[in-house]
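Engineer: Test case, fold it:
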Amino acid sequence: MSSVSRVSIVFLLAIICQLFPHHNADTYTSENIDLMIKEYMTHLERLVQLLHTDTQTQKGTDIIAQGKEAFDKATAAFPDDTVAHAHALFAKICSKVGVYDEAISLFDEAIRRASLPLEAENSDPSSLAETKSLVNQLYLERRRSHNQFIGSKVLQWHAANDEGYKGGIPPERSPWQPMNYVELQLGIFPFPHPQTLFEKATLIVLSLDSPEEEIQEINSVDEEAMNVTARAWEAYESYQESQSAAFVAYMHGKKRYLAGGQPCGQEGYDLFVGGTTWSKHAWKSNPFAYDKSIDAGQSDDLYMGIISFQNVLVSGRDAVISGYKDNCNVFARHPYINLSNNIPLVTAWETPISEVTTEDNAAWETYIPEGDTRAFGGSVGKDGNGNDALLIPDPRSNNAWFDSAILLTGYASDNYFHFVTEVLPSLVVMRNRIKDILKQQQTETKDVVVVPNLQNEFVEGFLRLLLPEAFDDKGKLSPHIVQWGPWKKSGGVGGTTHFTSTHPIAFTKRLATVMWDQPATAPPPLNGPAHCLTPKPLIRAMQRVVLKSVDSNTSDTVMPKKIVYCSRSSSSTRKLAEEDELLSRLQEVASKEGAQLFVFEKQVATNATGPSPLAAVIDAIQVFQSANVVVGVHGASLANIAFCRIGTTIIELGFGIPQAAHYLHLASSLELDYVGVRLRQNSRSFGATEVSLPEGGVDEVVNSVIKGLKLYEGMDGRDEL
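Structural biologist: Just a heads-up that it's a prediction; the model follows:
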């Protein structure tokens, strides 16, 4: 946090003395002015103390009250219309504790006062540079406070959802509500804030399934707003713009030596997104050879392979790869990664382009992602300009480094869908390399495998299934396994290295990871930009290995006919309003057709009496492997269709938007019979607390189930993959 220095205060007061009206010369003697300055400085120093008070140890209301008292005394001690510092300091105090409207008003008055010497005819030209610098700093502080003020409205919208609905968006709220605030934020600074661009893109995606009448009410003359595909691409472009803005701020952060960085060298400063670009700029690239006859041309132009790097950083919960020292390359798997939360930045977007030079800029602050003052192993201290700042050390100085690493974790890897469709294929591809590392005795060499946090029980379950070598006879995790990502609760698997902060970071001399291109567009009929669609050959390879591992661990318990219904009754989002009615109808169908209806809900190993993580994973795989028909609202449980047999009917109750093509793509990749049933249009889409079927929707689902069971009766070889 910047502060007004004592030197600049004295300097401005000297200017003020020159501006006093001549008829007041008898009143304001040199001795009087000295006393006024001394008293004024005393109260300003009190304001500075309050500005640096920890809000964790003192209430914001108390800080404001004491600040108001010091402010009133300061303005009374030196009651001149040209004195700005008391207003500026108290404005910053108000901004710090969240009283933004008062802060903005005070900044406006401070700017007016500080600008007066620039308009005075008798001003000393040599002093104008200092005065202009002060005015520019005040404008910057006002913009910051304005951004926080508008941002607080967006945060209040999220907080209300979190408090009452655990993150779900209730019917009385809509993503359209905070959209105007986000648009206002984008106009505050000379360049768009990368986090705000990301927020805008996410709100657009959430609102894509809005009913036409709601869109017309908000955008009465905007025809493009009615075009779902056009708005989906708008969101995609906003995600790309967010990454570009963050990358610029990252390069400037190198000048602050954040995380051991240095100013970018002549080579190595670019943002690379996707497997093809990675393969051309990484240290090594080993593309996969696969049988194209099974892929029907879907992946002919998509890169798939193992990418290797030397001397890089891995940072953020999404494990973004970036260069070390003066190498400023950043490697993002796709545009949906929020770089502003994953790599160290400075607030370069706050500076007009004329002020962006090859040198550092004193006005920039180290960006604190999500308010985490320990992000990337950092802490708050004094920067080179003497201001409070987030200082991010070289990870090697914190012993956060490896000789070599196999990176399995990545974008949203604590989400079950992303784990099944992205982490598991990577694990299968790298399994032999990982086993070689696990065979090593613990020595001075630090060769590791980076996995998502095992507090996500499914991570531990699949590791025990596919890599039993990762655990010793007592169930203790190998020291070669590194857990990555924030803790969700106390406890967990011990005996391992944890990088479990909200914003972890580590250096590695060598790194290998599996990487691929995703299709540019979602499959028809959705079209539009794709979102996290793993190529078919990787999905197929993962399925074969997983099912083989289950067959070797358990006996065959496949039922002749099974309808699996994926319930979200215990989830905070997308509960189906007609679930009871639908389950009753499905039970009738099951009884008539001689089938079993199995209601699948997410299992969590929370105590000693519940299923172990391995047992929960095997149970889930067996349920879906034995299913003939799977029914469910768009959600993580449907990721288990990755373990269904060829020809299984998948009935997804979902959204007609491109970024929701996950299960259509997964079903197509595994030759499953996909049926999409549209939910009633809802402006909250993925985030809705409750979703519903349109009129006749329950009948449509039931008829599709009956058809799926009939299809099963006419198929031979259903047990073959």
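Engineer: Now do Asn399: how many residues are near it, please.
Structural biologist: Asn399 has 9 neighbours, counted by other Cβ atoms under 10 Å. Every residue, glycine included, has its C-beta placed from N, CA and C.
Engineer: Can you read off the pLDDT for it?
Structural biologist: What the model reports for Asn399 is a pLDDT of 88.
Engineer: I'd like to know how far it sits from Leu477.
Structural biologist: Distance of Asn399 to Leu477, given as Cβ to Cβ, to the nearest Å: 19 Å.
Engineer: One more: Tyr100?
Structural biologist: 46 Å.
Engineer: where does the stretch 301-450 of the chain dip in pLDDT?
Structural biologist: Low-confidence segments of the stretch 301-450 of the chain (pLDDT under 70): 353-359, 383-387, 442-445.
Engineer: How far away from the center of its chain is the helix or strand harbouring Val182?
Structural biologist: Assigned by DSSP states H and E, Val182 belongs to helix 176-186. Taking Cα atoms, centre = their mean, to the nearest Å, the mean C-alpha location of helix 176-186 is offset from the chain mean by 18 Å.
Engineer: number of nearby residues for the nearest residue to Tyr674 once chain neighbours are set aside?
Structural biologist: Leaving aside its chain neighbours, Tyr674 sits nearest to Ala667 (3.9 Å; criterion: Cβ to Cβ, 6 or more residues apart in numbering). The number of residues packed near Ala667 is 24, by other Cβ under 10 Å.
Engineer: Kindly report the same for Pro171.
Structural biologist: Neighbours of Pro171 (other Cβ under 10 Å): 11.
Engineer: how near is it to Asn161?
Structural biologist: 12 Å.
Engineer: do Asp270 as well
Structural biologist: From Asp270 to Asn161 the distance is 37 Å (Cβ to Cβ).
Engineer: of those two, who's got more company?
Structural biologist: More crowded of Asp270 and Asn161, by other Cβ under 10 Å: Asn161, with 20 against 15.
Engineer: list the contacts for that one?
Structural biologist: For Asn161, the contacting residues are Gly167, Gly168, Ile169, Pro170, Arg173, Gly687, by Cβ atoms under 8 Å, 6 or more residues apart in numbering.
Engineer: Look up how far Val428 lies from it.
Structural biologist: Taken as Cβ to Cβ, the span from Asn161 to Val428 is 37 Å.
Engineer: Val135 too?
Structural biologist: From Val135 to Val428 the distance is 61 Å (Cβ to Cβ).
Engineer: tell me which residues in stretch 361-370 are buried?
Structural biologist: For stretch 361-370, the neighbour count (16 or more other Cβ atoms under 10 Å) marks Asn361, Ala363, Trp364, Glu365, Thr366, Tyr367, Ile368, Pro369 as buried.
Engineer: just checking, Tyr674 is part of a strand?
Structural biologist: Yes. Applying DSSP: H, G, I helix; E, B strand; the rest coil, one finds Tyr674 inside a strand.
Engineer: Show me what it is bridged to.
Structural biologist: Note on Tyr674: beta-bridge partners by DSSP bridges are Ile650.
Engineer: Tell me the pLDDT of it.
Structural biologist: Listed pLDDT for Tyr674 reads 97.
Engineer: how about the helices in the stretch 101-250 of the chain?
Structural biologist: Secondary structure of the stretch 101-250 of the chain (DSSP state H, counting those that start in this stretch): helices located at 125-165, 176-186, 194-207, 212-218, 228-254.
Engineer: typed the wrong thing, it's the stretch 401-550 of the chain
Structural biologist: 416-418, 424-439, 457-466, 536-553.
Engineer: Distance to Leu693 and mean neighbour count for the ones you listed - can I get that in TSV?
Structural biologist: Shown next, in TSV, are those (distance: least, Cβ to Cβ, whole Å; neighbours: other Cβ atoms under 10 Å):
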stretch	distance to Leu693	mean neighbour count
helix 416-418	22	21
helix 424-439	32	18
helix 457-466	29	23
helix 536-553	29	18
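Engineer: so who does the most centrally placed residue in the chain touch?
Structural biologist: With distances taken as Cα atoms, centre = their mean, the residue of the chain nearest its centroid is Asn338 (4.8 Å). By Cβ under 8 Å, 6+ apart, the contact list for Asn338 reads Pro194, Gln195, Phe198, Ser242, Ala246, Asp318.
Engineer: What of Ala65?
Structural biologist: Contacts of Ala65 by Cβ under 8 Å, 6+ apart: none found.
Engineer: And it, which helix or strand is it part of?
Structural biologist: Applying DSSP H and E, one finds Ala65 within helix 60-77.
Engineer: what's the answer for Leu597, then?
Structural biologist: Judged by DSSP H and E, Leu597 forms part of strand 596-600.
Engineer: Strand partners (parallel or antiparallel) of that strand?
Structural biologist: Sheet partners by DSSP bridges: for strand 596-600, these are strand 562-566 (parallel).
Engineer: Now the strand it pairs with: buried residues?
Structural biologist: Quick answer for strand 562-566 (16+ other Cβ under 10 Å): Lys562, Ile563, Val564, Tyr565, Cys566.
Engineer: Columns pLDDT on top of those, output as CSV?
Structural biologist: Converted to CSV, those look like this (pLDDT from 0 to 100):
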residue, pLDDT
Lys562, 95
Ile563, 97
Val564, 98
Tyr565, 98
Cys566, 97
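Engineer: Closest one to Ser207 out of these, please.
Structural biologist: Cys566 (25.1 Å; Cβ to Cβ).
Engineer: can you pull the contacts of Gly687?
Structural biologist: Taking Cβ under 8 Å, 6+ apart, one finds Asn161, Gly167, Gly168, Ile169, Pro175, Leu206, Thr573 in contact with Gly687.
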